[in-house]
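> Build the 3D model from these lines:
(one chain, ligands or ions: 1)
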Amino acid sequence: MRDKIQAKMQQLIEQYCKENNMESMWREPVIKYADAHSPLFDKLREIIDPDHHYPTDYMPEATLVLSYFMPFKKEIVDSNTTGELTSPEWAAAYGATNTIAGYLNEKISEYIKELGYNACPPTDLGIVRAEQLRSRWSQRHVGYIAGQGTFGINNMLISDKGCAGRYYTVITTLPLEADSVVEEERCLYKKDGSCRLCVERCPVNALQESGFVSYDCLDQCNKNEDIYGHGACGKCAAGMPCSYKE
Ligand code: B12
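Numbers count the residues shown, from 1 in each chain. Modelled structure (predicted):
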């Protein structure tokens, strides 16, 4: 069943690119599964938002959450390693990934239903309070529970294929075993202090010892939005040892 879902996702990406007459910007997605009843979902109410959703809020019979990471192709990651503004390629990939994720969520849910199980993508994913830039469904924290990876000091969740890319989820009743949380630290700074590149690379010094200055990061994303039409940056996720893995 895992192989079926993996193959279907890849086929959907290819189909989408063909239908839209575009080159794919992504490598093959990394798919992992979180136990919908993991006690770690309680923790998300403590560390993110007291109203953070449970998978069962979206689907009472949910057993799993399918988490998929869309890793950017190398040329997109490499395009964003220097300069203050985001690269046009990274900005375009940000916009295109938002669009393809809507399509993939819908199509993979349809496919899972054809297989005889239930599936639905989560809603309410945006920023919920002006005073805190947080969502009631944090894709990367759910990815963490699904065993996608560990968090870097850049806040990025570092998947098997690096951190340069985007995470999405689908709530489901697929009859699969959940994956375990990754135990081995993937951030070199957290592991042995040997890397701080992301901290040095941030154009607005948002990655501080005292915590992440999210509004400075937002200002920089907004600056890029004025220029490229997409509120992205990604300087802390490109050109690092954790950015891109084969
Ligand atoms: C709000 C938001 C923003 C805000 C604020 C981000 C922030 N860090 O606070 C702004 C607009 C500034 C922003 C900027 C960016 N964002 Co943004 N953003 C979101 C959004 C909508 C919600 C994030 C949220 O609620 N986070 C909750 C807060 C509390 O946690 P956090 O910031 O993730 O940081 C936590 C981790 O570092 C964690 N942590 C660290 N170590 C450990 C260890 C353990 C054991 C655990 C459990 C946790 C943990 O603890 C921190 C606090 O809880 C999500 C989409 C979604 N619905 O999930 C995308 C998302 C987080 N953004 C993403 C990206 C890529 C970016 C940018 C690179 C911009 C870009 N696309 O080019 C920058 C990077 C900012 C950064 N370094 O964090 C990706 C992250 C992908 C990844 N590889 O992790 C996401 C998941 C979107 C997606 N669908 O993929 N973003």
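> switch to C-alpha atoms for all contacts and neighbour counts from now on
OK.
> is the worst-scoring helix or strand of the chain on mean pLDDT up against the ligand anywhere?
Lowest by mean pLDDT, DSSP states H and E among the helices and strands of the chain is strand 211-212, with a mean of 92. No. Against the ligand, strand 211-212 shows no contacts by CA under 6 Å from any ligand atom, the least distance being 6.7 Å.
> change the start of the numbering to 3 and stick with it
Yep, numbering from 3; the last one is strand 213-214 now.
> Downstream of that strand, the next helix or strand is which one?
Under the assignment DSSP states H and E, the closest C-terminal helix or strand after strand 213-214 is helix 216-230.
> related to what we said a few turns ago, what's the least confident helix or strand of the chain in contact with?
Residues from elsewhere that reach strand 213-214, judged by CA atoms under 8 Å, 6 or more residues apart in numbering: A208.
> Count the neighbours of V206 for me.
15 (other CA atoms under 10 Å).
> circling back to that earlier point, can you list the strands that the least confident helix or strand of the chain pairs with?
As defined by DSSP bridges, the strand partners of strand 213-214 come to strand 209-210 (antiparallel).
> roughly how far is the partner strand from the heart of the chain?
Offset of strand 209-210 from its chain centre (CA atoms, centre = their mean, to the nearest Å): 20 Å.
> what do you get for stretch 106-123?
Centroid separation for stretch 106-123 versus its chain: 20 Å, with CA atoms, centre = their mean.
> how about P52, what does it touch?
Applying CA under 8 Å, 6+ apart to P52 gives the contacts L46.
> if I look at it, how far off is the ligand?
Distance of P52 to the ligand, given as CA to the nearest ligand atom, to the nearest Å: 11 Å.
> check which helix or strand covers the spatially most central residue of the chain.
With distances taken as CA atoms, centre = their mean, Y169 lies nearest the centre of the chain, 2.1 Å away. Here Y169, judged by DSSP H and E, is contained in strand 167-174.
> Just checking: what are the partner strands of that strand?
According to DSSP bridges, strand 167-174 forms sheet pairs with strand 66-73 (antiparallel), strand 121-122 (antiparallel).
> Can you check which of the ones you listed gets nearest to N157?
Taking CA to CA, strand 66-73 is the member of the strands paired with strand 167-174 nearest to N157, at 15.4 Å.
> Check which helices and strands whatever helix or strand comes next after that closest one is in contact with.
Counting by DSSP H and E, the next helix or strand C-terminal to strand 66-73 is helix 76-81. In terms of contacts (3 or more CA pairs under 8 Å, 6 or more residues apart in numbering; DSSP states H and E), helix 76-81 is packed against helix 90-116.
> Now do C238: how many residues are near it, please.
By other CA under 10 Å, the residues close to C238 number 26.
> can you check the one 10 residues further on too?
The criterion is other CA under 10 Å. On that basis, E248 has 7 neighbouring residues.
> Relative to V32, how far out is it?
12 Å (CA to CA, to the nearest Å).
> Next, show the common contact partners of those two.
K163.
> With the flanking residues excluded, which residue is spatially nearest to P57?
Once flanking residues are discounted, P57 sits nearest to A38: 5.7 Å by CA to CA, 6 or more residues apart in numbering.
> what does the protein have sitting close to the ligand?
Counting by CA under 6 Å from any ligand atom, the chain sits next to the ligand at 49-50, 96, 127-129, 135-137, 139-142, 153, 156-159, 165-170, 216, 219-220, 234-236.
> Look at the residue of the chain most remote from its centre and give its secondary structure.
Farthest-out residue of the chain from its mean C-alpha position, per CA atoms, centre = their mean: G118, at 27.3 Å. Assigned with DSSP: H, G, I helix; E, B strand; the rest coil, G118 falls in the coil class.
> ok, it to the ligand distance?
G118 sits 27 Å away from the ligand, going by CA to the nearest ligand atom.
> and the gap between that residue and D181?
22 Å.
> cool, and P41?
14 Å.
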